[in-house]
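> Predicted model and sequence follow; I will ask about them next.
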Amino acid sequence: MKQRSIGNVQVGAIGLGGMPMSIEGRPDTDRSVRTIHAALDAGVTLIDTADAYHLGADEVGHNESLIAQAIASYGGDTSGVLVATKGGHLRPGDGSWTVDGSRAHLREAVEGSLKRLGVEAIGLYQFHRPDPKTPYAESVAAIGELLDEGKIQMAGISNADPQQIRQAQEILGGRLVSVQNQFSPAFRSSEPELDLCDELGIAFLPWSPLGGIGKAGKLGESGDQSEFARIARLHGVSPQQLTLAWMLAKSPVVIPIPGASRPESITDSAQAPEITLSDEEVAALNAA
């Protein structure tokens, strides 16, 4: 697979989002492990997770543990695999989501992620979501401390606006390597963040790039997205592949992380970097 960069690390141009394997509607463990193995077989070397990807309050870090199990049981070389996890977002177990960006929580969260992933240092750790109760600078500074201490190797942020991106880059002394925001054909409000990451040379990792759980399979069916289906037919590929190829064409810093819970899904997505779109096609998709 074609490569892109996160900091000084080369990864496949498409990553794997692990969330669908651990929340509502999750598959059994065997299918999840086969999905992760299929991603590795296809050349995917970036796997995205978070300690909040779980259901019950008693299974915090379910997805992290699942990914660690799959990597450990894979028969091939995994030395180049980058696992990116996040902290600061919580699921109490009642179906709701809460946030805690305090220094104390982030330090505790990193220790838990280290144990579940079975590593001495986390490859990429991202502050999951701003906490209104904690100054953003305090949360990012806590991430910087973990970076200085060697608990994490690279630092990123998620669900951030342009001001927060610039603030984080300043607090981290130019060491911010990634921004993970929602971005898809139906959700384009993160265009300013994508453009800023392109300007600063920071990896932009679109989450839910195909529209999210339950919507990815219907991508291109609605009238405002029919252009994606039309151009996909011209290339003889799925609308999902075409969508990821469009994102890759927007900037060399973009690395989409489609979620998957079936081997077939990630195998299809992993072929997107091989699609070459013309400038006219990219313009048409931008306007769709």
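Good, I have the coordinates.

> nearest residue to residue 288 other than its sequence neighbours?
In space, and not counting its chain neighbours, residue 288 is closest to residue 227: 3.8 Å by C-beta to C-beta, 6 or more residues apart in numbering. Backbone N, C-alpha and C define where each C-beta goes, glycine included.

> Only the C-alpha atoms, please, for the longest helix seen in the chain, written as PDB.
In the chain, taking DSSP state H as the definition, the longest helix is helix 103-117. Presented in PDB, the C-alpha positions along helix 103-117 are these (Å, rounded to 0.1, in the frame of the first residue of the first chain):
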ATOM      1  CA  ARG A 103      -4.200  16.000  34.100                       C
ATOM      2  CA  ALA A 104      -4.900  13.400  36.700                       C
ATOM      3  CA  HIS A 105      -7.300  11.500  34.500                       C
ATOM      4  CA  LEU A 106      -5.200  11.600  31.400                       C
ATOM      5  CA  ARG A 107      -2.200  10.300  33.300                       C
ATOM      6  CA  GLU A 108      -4.300   7.500  34.700                       C
ATOM      7  CA  ALA A 109      -5.800   6.700  31.300                       C
ATOM      8  CA  VAL A 110      -2.400   6.400  29.700                       C
ATOM      9  CA  GLU A 111      -1.300   3.900  32.300                       C
ATOM     10  CA  GLY A 112      -4.300   1.800  31.600                       C
ATOM     11  CA  SER A 113      -3.800   1.900  27.900                       C
ATOM     12  CA  LEU A 114      -0.100   0.900  28.300                       C
ATOM     13  CA  LYS A 115      -1.100  -2.200  30.200                       C
ATOM     14  CA  ARG A 116      -3.900  -3.200  27.800                       C
ATOM     15  CA  LEU A 117      -1.800  -2.700  24.700                       C
END
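
> Please, where are all the helices along the stretch 51-200 of the chain?
Along the stretch 51-200 of the chain, counting by DSSP state H, counting those that start in this stretch, helices occupy 62-73, 103-117, 136-148, 162-171, 191-200.

> quick revisit: got the contact list for the residue nearest to residue 288?
Residue 227 is in contact with 284-285, 287-288, counting by C-beta atoms under 8 Å, 6 or more residues apart in numbering.

> how deep is residue 28 tucked in, by neighbour count?
9 (other C-beta atoms under 10 Å).

> residue ranges with poor pLDDT in this structure?
Low-confidence segments of the chain (pLDDT under 70): 213-218, 220-225.

> Try it again at 80.
95, 212-225 (pLDDT under 80).

> What segments of it are strands?
Using DSSP state E, the strands of the chain run over 3-6, 9-12, 16-17, 46-48, 82-87, 89-90, 98-99, 124-127, 155-158, 176-180, 203-204.

> Point out the most buried one among those strands.
Highest mean neighbour count of these: strand 16-17, a mean of 28 (counted as mean count of other C-beta atoms under 10 Å).

> distance between it and the chain's centre?
6 Å (C-alpha atoms, centre = their mean, to the nearest Å).

> same question, stretch 191-200
Centroid separation between stretch 191-200 and its chain, computed with C-alpha atoms, centre = their mean, is 16 Å.
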